[in-house]
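**Q** below are the sequence and a predicted model for it; my questions follow.
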Amino acid sequence: MAEATTAAPSPAPAPKPANVTSPEKAVLSVTRQVFMTHTQGTLLANRQWPTDMWRNVWDSFSYRRGAMVLGAIIVGLTAFGFLVGEFGETIQFFHRNYLLWAASEFPVMPSWPAEALWILVKGVIVLHIILINGLFLVWWERKISAHMQSRLGPIFVGGWHGWLQTLADGIKLLLKEDAAPSDRDHFLHALAPALVFVPILLCFAPVPFGRELAAANLDIGVLYVFACSGISVLGIVLAGWASANKYSLLGGLRSAAQLVSYELPRAFSIAPVVALAGSLSLTKVVAAQEGYWFGVIPKWFIFYPVVGQISFIIFLIASVAETNRVPFDIPEAESELVAGFHTEYSGMKFALFFLTEYGYVFLASALLSTFFMGGGAAPLPFLSVLPSWFWFVGKTMFFAFCFLWFRWTFPRFRVDRLMDFNWKFLLPWSFANLLFVAPYLYL
Amino acid sequence: MSSSNAVGYLAGIYQGFSGTIKGLMVTLRYLFKPSITVNYPVAKLKPYDRFRGALLFDAVTCIGCNLCVKACPSDCIDLQNMTTPEGKKIAKVSWYSIDFGKCNYCKLCEEACPTKPKSVWHSLDYENVFFSRHEMVRAWQQGDPWCGTYFDPADKKYRVSQEQIPIEEIPARR
Amino acid sequence: MLTTVLFFVLSGFALAAALGVVLVRNTVYAALLLGGCLSMVGGLYALMGADFLFAAQILIYVGAIAILFLFVVLLAGRRAELSEIPFNDLVLPASAAAVVAAMLLAGIVLQINGISSDLPVKPAGNGLTTAGIGQLLLGPHALGMEILGIVLLVALVGASLLARGLGESEDPMAPVPAPAMPEANGDLAHGIVPAKEPQQV
């Protein structure tokens, strides 16, 4: 016998021979016997094949319960919106009273410090919109990607379907070591995340979140948003260069080429909307979409025949490209470039890039609902009992869902085809769209 | 550009968009299907009946015939027969050991086992995780549980691995 | 008060960044400082109430031109070449050009001081700069804008001609001929030479 085959210790003292001499035949009839009970978890013994499970999903209790929970969430949110009501006017009221109070309390002071403080408060609110949006969208992206792939996604953190998962991730990112290549350009490597993040903060200034709910009612809102979002490219290119990594550099170069190119059809596709609204101000674009045709069809720009749809599709595609998301994610193509421009970033710097990406997703969705879906306008006249911010956030979240949906459906573009698609398809059609809008202006 | 080219161009655009929409519909359909994965540590799947999990051993029924040792392709089984006081081997096992570090879960030992019910067999346990290399070597004496014991070098004792959470009670198949 | 403080801060930063563009050795930093300088100038526009000009400045100069500069710098040089001395051999013509530019600038500044100290910063219009600029561009200055459009179109055509190469005389709209079908025994399209089958003896 091969003694060396097992690492079992050499036999301990042999058992008593008495046991050996009379082997009991009775023990041969072995019954079912639990040798160790499992202490945690329930056993899904009667699990079906997926195809059997999917054939009639409504038979399963958990599916019915899930549908009921979803319905309850929607009803609850609607009730919440109904109860809260419009608060744009309330904020205006607060603002007026605050200024009056400041003027009466500090009569010697000029009025601008009070105004500056109010602007600061608005800036902090906008910042928190971005942060909370990041918190929510990351979780949502994980859940939706999981369910599109028939998985469950994060499920434990926070108790209910992992809704606090992003918070846990954020704490992890805060506590992480800031590992960076020693060959990096120290100043630019640290500057790049800030340069990427600050523009998104600026971009949200003119976005109307509902009636009277814009942080700044800018006369040039459309141009301003496009201008500020263009600055982020600078940060991305610098991040690519300062990392001293060939993949980062490639990602930075690709993003420069892609983002500068896709800004053109994005801006030109908005030109018909601006022409129809007659103003660059986002609130006036929203105001131009109020009302209903025949009392049912809302006068949203997406419902203007031909021109609205072409504009919408071009703007949607270009927005996906501008936010660096699949299928236009060549700047950070993970299967080609590791992680592209943020390969060499970790910890909070990486989190800033991440936050910016989701901020831009939110911004693009907000712009889509502002330009084409009437901002805070209700889809049907009788639905306007719900406040405008409710409709705005609902539409924005729908478009944010579309962004996630595209991400988990489409494969990535090749670099040259990406450029071809932009210059040879989107841009000519956005020019042609300017032609299509002309009849509307004479009607 | 001739008219046929223009028609082809527009048809290409239509095809591209319709294909895109089709793809989106597929993912949307799957979004609303129940997930096929389970929430593992909380809910556990029971494997199919012919699943080859961790090996169990019953020292009572074993006749010490050495067939499993010879059948094992990775030399992970070892056994010692009991002896009479005169030193003669009898059909009873004194020590039996399986090194799970070497075992490749091939079921040849179970097929070779001549006893009825089998003395060594695969359970449905796919959770046999080990916290040390000592735990990988399972040893059985008469009276030990079917999952075996391991040698703890810290206090030089044989003990049942407490961390192992079996997926189910042992099935009737043997 | 606030306007004056902001004006001095912005112009100070703009001047510092402009100096940095010329003096910094690292070309990437120079391009970045150029972007900073241009955005400070955009801030000055905003301060004067020319908000359309501000947005256009940021959109075109910071969002496109500075990034193109960076793009070219990153594409062109390796790390070692990025810190060349930015002074070239043409010191004499350069200093002559600098003197002429300084004289022009001084002339303009002196003239402005001579005329008026507070120029109207907003263009004539209905108070909205965007609408005013639009009416001016499509009203009295329509011809100039059209000519500018033609110049840009010519530049575009020229760029595409340069990109395609002058020697090619083929019809640019013609579809690219499909590559020849690869031989049955080997994938010639990918330049793979078919392996010879071993001789059967």
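**A** On my side now, so go ahead.
**Q** need phi/psi at residue B:99.
**A** Backbone torsions for residue B:99, taken as degrees, to the nearest 10, come to phi -100, psi 100.
**Q** skipping adjacent residues, who's closest to it in space?
**A** Taking Cβ to Cβ, 6 or more residues apart in numbering or on different chains, and ignoring the residues beside it in sequence, residue B:99 has residue B:76 as its nearest neighbour in space, at 4.3 Å. Backbone N, C-alpha and C define where each C-beta goes, glycine included.
**Q** now residue A:396
**A** Ranked by Cβ to Cβ, 6+ apart and with sequence neighbours excluded, the top spatial neighbour of residue A:396 is residue A:365, at 4.4 Å.
**Q** so which helix or strand takes in residue B:139?
**A** Counting by DSSP states H and E, the element that carries residue B:139 is strand B:137-140.
**Q** is chain C contacted by stretch A:427-437?
**A** No: in terms of Cβ under 8 Å from any Cβ of the partner chain, no part of stretch A:427-437 sits within range of chain C; the closest distance is 11.4 Å.
**Q** got the CA coordinates for that stretch in CSV?
**A** Coordinates of the C-alpha atoms in stretch A:427-437 are reproduced here as CSV (Å, rounded to 0.1, in the frame of the first residue of the first chain):
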residue,chain,number,x,y,z
LEU,A,427,-23.7,66.0,-39.0
PRO,A,428,-25.2,66.0,-42.5
TRP,A,429,-28.6,65.1,-41.2
SER,A,430,-28.4,67.7,-38.5
PHE,A,431,-27.7,70.2,-41.3
ALA,A,432,-30.6,68.9,-43.3
ASN,A,433,-32.8,69.2,-40.2
LEU,A,434,-32.1,73.0,-40.3
LEU,A,435,-33.8,72.9,-43.7
PHE,A,436,-36.7,71.0,-42.4
VAL,A,437,-37.4,73.5,-39.7
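**Q** tell me, how many residues neighbour the residue nearest to residue A:396?
**A** By other Cβ atoms under 10 Å in any protein chain shown, the residues close to residue A:365 number 26.
**Q** so it touches residue A:394, yeah?
**A** No: contact between residue A:365 and residue A:394 fails when scored by Cβ atoms under 8 Å: they sit 10.8 Å apart.
**Q** which ones are touching whichever residue of chain C sits closest to chain A?
**A** Each residue of chain C has a distance to chain A, by Cβ to the nearest Cβ, and the smallest belongs to residue C:63, at 2.5 Å. Taking Cβ atoms under 8 Å, 6 or more residues apart in numbering or on different chains as the definition of contact, the neighbours of residue C:63 are A:226-227, A:230-231, A:233, A:260, A:263.
**Q** redo that, cut-off 7 Å
**A** A:227, A:230-231, A:233, A:263 (Cβ atoms under 7 Å, 6 or more residues apart in numbering or on different chains).
**Q** where does residue B:9 sit, in terms of helix or strand?
**A** Element membership for residue B:9, per DSSP H and E: helix B:3-31.
**Q** give the rounded mean pLDDT of that helix.
**A** Averaged across helix B:3-31, pLDDT comes to 87.
**Q** try stretch C:22-40
**A** Mean predicted lDDT for stretch C:22-40 stands at 85.
**Q** any stretches of chain A with poor pLDDT?
**A** Within chain A, the set of residues satisfying pLDDT under 70 comprises A:1-49.
**Q** for it, which segments count as strands?
**A** Under the criterion DSSP state E, chain A contains strands at A:42-44, A:292-293, A:297-298.
**Q** partner strands of the last one, with direction?
**A** By that I understand strand A:297-298. Using DSSP bridges, strand A:297-298 pairs in its sheet with strand A:292-293 (antiparallel).
**Q** buried ones in the worst-scoring helix or strand of chain B on mean pLDDT?
**A** Confidence across the helices and strands of chain B bottoms out at strand B:43-45, with a mean of 74, counting by mean pLDDT, DSSP states H and E. Buried residues in strand B:43-45, counting neighbours by 16 or more other Cβ atoms under 10 Å in any protein chain shown, are found at residue B:44.
**Q** does that strand reach chain A?
**A** Yes: counting by Cβ under 7 Å from any Cβ of the partner chain, chain A has neighbours in strand B:43-45: B:43-45.
**Q** chain center to that strand, what's the gap?
**A** Strand B:43-45 has its average C-alpha position 15 Å from the chain's average C-alpha position, going by Cα atoms, centre = their mean, to the nearest Å.
**Q** give me the sheet partners of it and which way each runs.
**A** Strand B:43-45 sits in its sheet next to strand A:42-44 (parallel), going by DSSP bridges.
**Q** for chain C, what's its nearest residue on the stretch 51-200 of chain A.
**A** Residue nearest to chain C within the stretch 51-200 of chain A (Cβ to the nearest Cβ): residue A:112, separated by 5.0 Å.
**Q** let me see the contact set for that residue.
**A** By Cβ under 7 Å, 6+ apart, residue A:112 lies in contact with residue C:2.
**Q** what do you get for residue B:67?
**A** Here residue B:67 is in contact with B:112-114 (Cβ under 7 Å, 6+ apart).
**Q** what sits opposite the residue in chain B that chain A sits nearest to in the beta ladder?
**A** Nearest residue of chain B to chain A (Cβ to the nearest Cβ) works out as residue B:97 at 3.4 Å. Going by DSSP bridges, residue B:97 is paired in beta bridges with residue B:78, residue B:139.
**Q** surely it touches residue B:141?
**A** No: between residue B:97 and residue B:141 no contact is recorded; they are 10.0 Å apart, counting by Cβ atoms under 7 Å.
**Q** and these two? which has more neighbours close in?
**A** When residue B:97 and residue B:141 are compared on other Cβ under 10 Å, the one with more neighbours turns out to be residue B:97, at 24 against 17.
**Q** can you put the contacts of residue C:63 in a markdown table and add distance to residue B:53 and neighbour count?
**A** Output for the contacts of residue C:63, formatted as a markdown table (distance: Cβ to Cβ, whole Å; neighbours: other Cβ atoms under 10 Å in any protein chain shown):
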| residue | distance to residue B:53 | neighbour count |
| --- | --- | --- |
| A:227 | 63 | 27 |
| A:230 | 59 | 25 |
| A:231 | 58 | 23 |
| A:233 | 55 | 29 |
| A:263 | 58 | 22 |
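**Q** and which of these is nearest chain C?
**A** Distances from the contacts of residue C:63 to chain C were compared by Cβ to the nearest Cβ; the smallest belongs to residue A:230, at 2.5 Å.
**Q** the closest one reaches residue C:59, doesn't it?
**A** Yes: proximity of residue A:230 to residue C:59 meets the contact threshold set by Cβ under 7 Å, at 5.9 Å.
**Q** report the buried residues of stretch C:11-30.
**A** Counting neighbours by 16+ other Cβ under 10 Å, the buried set in stretch C:11-30 is C:13-14, C:17-18, C:20-21, C:24, C:26-30.
**Q** hmm, back to that, anything in contact with each of residue A:230 and residue C:59?
**A** With Cβ under 7 Å, 6+ apart, residue A:230 and residue C:59 have no common neighbours.
**Q** and chain B, split by domain according to the record?
**A** B:1-33, B:55-159 (automatic domain parsing).
**Q** and the residue positioned nearest the centre of chain B, which of the three is it?
**A** Central residue check for chain B by Cα atoms, centre = their mean: the C-alpha nearest the mean position is that of residue B:53, 2.3 Å away. In terms of secondary structure, residue B:53 is coil; the call rests on DSSP: H, G, I helix; E, B strand; the rest coil.
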